[in-house]
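# Coordinates for the following, if possible.
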Amino acid sequence: MFFPALPPRVSEPASRQSCTDEPTLEIALLTARMARQDESAYRQFYARYFDRLLRYLLVVTGGREEAARDALQATMLRVVRHARRFDSEEIFWSWLTVLARSSVVDAERKHKRYFAVLDRFLKNAPSPHVAAPTGTEDRFMTLLANNLNGLSAEDRQLIECKYFESQSVREIAGKTGATEKAVESRLARIRRQLKESILSQLREENET
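Got it, this is the predicted structure:
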């Protein structure tokens with residue numbers, strides 16, 4: 001569901017704010033309408049909770065604004081899917097924070113899975129005689145191959161010697177005339193470059 005940008009919510013008249021039962025009644029009516037997928041109710045929810053949830057997520061993510069905004073979008077989608085009536089604003093807010101934290105945790109788990117798969121590929125890249133993986137891992141291998149082709153001839157040869165031909169650092173150093181420390185440092189730089197490039201491409205694909 002799309003949540004359009006809205007102007008700040010206009011404060012309720014003082015006569016209504018003075019009613020002690022108004023907040024409870026208001027949140028009950030609002031969430032009940034949300035549970036019925038009332039579009040105007042979601043607009044009210046957005047106007048009231050968008051900024052508050054964003055501030056909360058900025059704290060949870062340690063000030064990483066991009067991560068906070070991504071988690072906020074995921075939280076809003078979860079609200080739409082699981083909306084139900086709440087008779088207390090306190091309980092409703094607690095529920096929202098659970099959804100928000102879950103969105104952050106899920107995003108971090110996904111990010112870690114990316115790194116885990118990339119590390120496995122770069123440390124134990126399959127030889128041309130091994131059947132190619134399928135599904136998600138197949139996509140990683142495709143991106144890895146594309147990015148390997150974008151390396152300089154020397155860097156690509158170094159990666160192929162180490163991960164595709166299973167040569168040791170000592171063997172590579174002996175062939176290139178470099179020290180083992182220099183070879184390890186160069187391999188680390190190339191791995192980092194490949195990871196950053198592949199993750200950037202995956203993020204762009206997820207946003208489209």
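# and the helix or strand that contains Leu25, what does it pack onto?
Element membership for Leu25 (DSSP states H and E) is helix 22-35. Packing contacts for helix 22-35, counted by 3 or more Cβ pairs under 8 Å, 6 or more residues apart in numbering; DSSP states H and E, involve helix 39-60, helix 89-123. C-betas here are computed from N, CA, C, even on glycine.
# Switch those helices over to TSV; also include mean neighbour count.
As requested, those are exported to TSV (neighbours: other Cβ atoms under 10 Å):
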stretch	mean neighbour count
helix 39-60	16
helix 89-123	15
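# centre of the chain versus the helix or strand where Gly174 lies, how much separation?
Element membership for Gly174, per DSSP H and E: helix 169-176. Centroid separation for helix 169-176 versus its chain: 39 Å, with Cα atoms, centre = their mean, to the nearest Å.
# Contact partners for the residue positioned nearest the centre of the chain?
Nearest residue to the geometric centre of the chain (Cα atoms, centre = their mean): Ala107, 3.8 Å. The contact partners of Ala107, taken as Cβ atoms under 8 Å, 6 or more residues apart in numbering, are Ala67, Asp70, Ala71, Ala74.
# Distance of it relative to Ala71?
When distance is defined by Cβ to Cβ, to the nearest Å, Ala107 is 6 Å away from Ala71.
# Next: Glu26.
27 Å.
# which of those two has more neighbours?
With other Cβ atoms under 10 Å as the criterion, Glu26 and Ala71 differ in neighbour count, and Ala71 comes out ahead with 28 against 16.
# Contacts only, for the closest residue to the more buried one other than its chain neighbours.
Excluding the flanking residues, the one nearest Ala71 by Cβ to Cβ, 6 or more residues apart in numbering is Ser103, at 4.2 Å. Contact analysis of Ser103 by Cβ under 8 Å, 6+ apart lists Ala71, Leu72, Ala74, Thr75, Arg78.
# Domain ranges for the chain, per the record?
Domain ranges of the chain: 14-109, 124-207, per automatic domain parsing.
# Pick the most buried one from the ones you listed.
domain 14-109 (a mean of 15; mean count of other Cβ atoms under 10 Å).
# And the average pLDDT for stretch 73-82 is what?
Across stretch 73-82, pLDDT averages out at 94.
# How far off centre is that stretch?
That offset, for stretch 73-82, works out to 15 Å (Cα atoms, centre = their mean).
# what's the answer for stretch 82-102, then?
Offset of stretch 82-102 from its chain centre (Cα atoms, centre = their mean): 22 Å.
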